[in-house]
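Quick one, what's the 3D model for this:
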Amino acid sequence: MAKHNELGAVGEQVASRYLERKGYKVLDRNYRKKWGEIDIVAEKEGRIFFVEVKSVSRKSYGGKFEQAVVGDNYRPEDNMHPWKLKRLGRAIQTYILEKFKKKDPDWQFDLACVFLDMEKRVGKVRYIENIIL
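Sure, this is the predicted structure:
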């Protein structure tokens, strides 16, 4: 597995566990269609959450995550380009049509930014709620 794919898979696992600890029930992971992919579909209190996971590798010192390079201002959410949001919107529409035939569920789109130190095997999640597609 390529290093960036491994990082992404670990990030999705960390995000799933984070959601479960917060009371969400994970319904699906890696829902794929040729026009888009949804990393995590979860449910809490009757609402459906479509969660995109963006992972980044950082070194951690004393529980705090440092920038990869001094002056590196990269944030995982910076990788949410308009074309990515459009593809996610299409995948969400398809998921709803496939899974909820009787009525449209109440739903929202969230972003889980996962910071990982692969050497120390620690991670931190920053969760951004209710992103507009």
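
Need the residues that contact whatever helix or strand Arg29 lives in.
In this structure, Arg29 is located in strand 25-33 according to DSSP states H and E. Contact with strand 25-33 is made by 12, 16, 19-20, 37-44, 48, 90-91, 94-95, as judged by C-beta atoms under 8 Å, 6 or more residues apart in numbering. Heads up, the C-betas are built off the backbone N, CA and C, glycines and all.

How confident was the prediction at the residue sitting furthest away from the middle of the chain?
Here the chain reaches farthest from its C-alpha mean at Lys102, the gap being 27.1 Å by C-alpha atoms, centre = their mean. We have a pLDDT of 83 for Lys102.

where does this structure dip in pLDDT?
When residues are selected by pLDDT under 70, those of the chain lie in 1-4, 59-74.

can you map out the strands along it?
Under the criterion DSSP state E, the chain contains strands at 25-33, 36-44, 47-57, 60-61, 64-65, 107-117, 122-128.

Show me the one of the ones you listed that comes nearest Lys86.
Smallest distance to Lys86 across the strands of the chain (C-beta to C-beta): 8.2 Å, for strand 36-44.

Run through the bridge partners of the residue nearest to Ile131 when sequence neighbours are not counted.
Leaving aside its chain neighbours, Ile131 sits nearest to Phe109 (5.0 Å; criterion: C-beta to C-beta, 6 or more residues apart in numbering). Beta bridges link Phe109 to Phe50, judged by DSSP bridges.

Go ahead and confirm Phe109 touches Ala42.
No - counting by C-beta atoms under 8 Å, Phe109 stays clear of Ala42, with 11.6 Å between them.

Overlap of the contact sets of those two?
Between them, Phe109 and Ala42 share the contacting residues 49, 51, judged by C-beta under 8 Å, 6+ apart.
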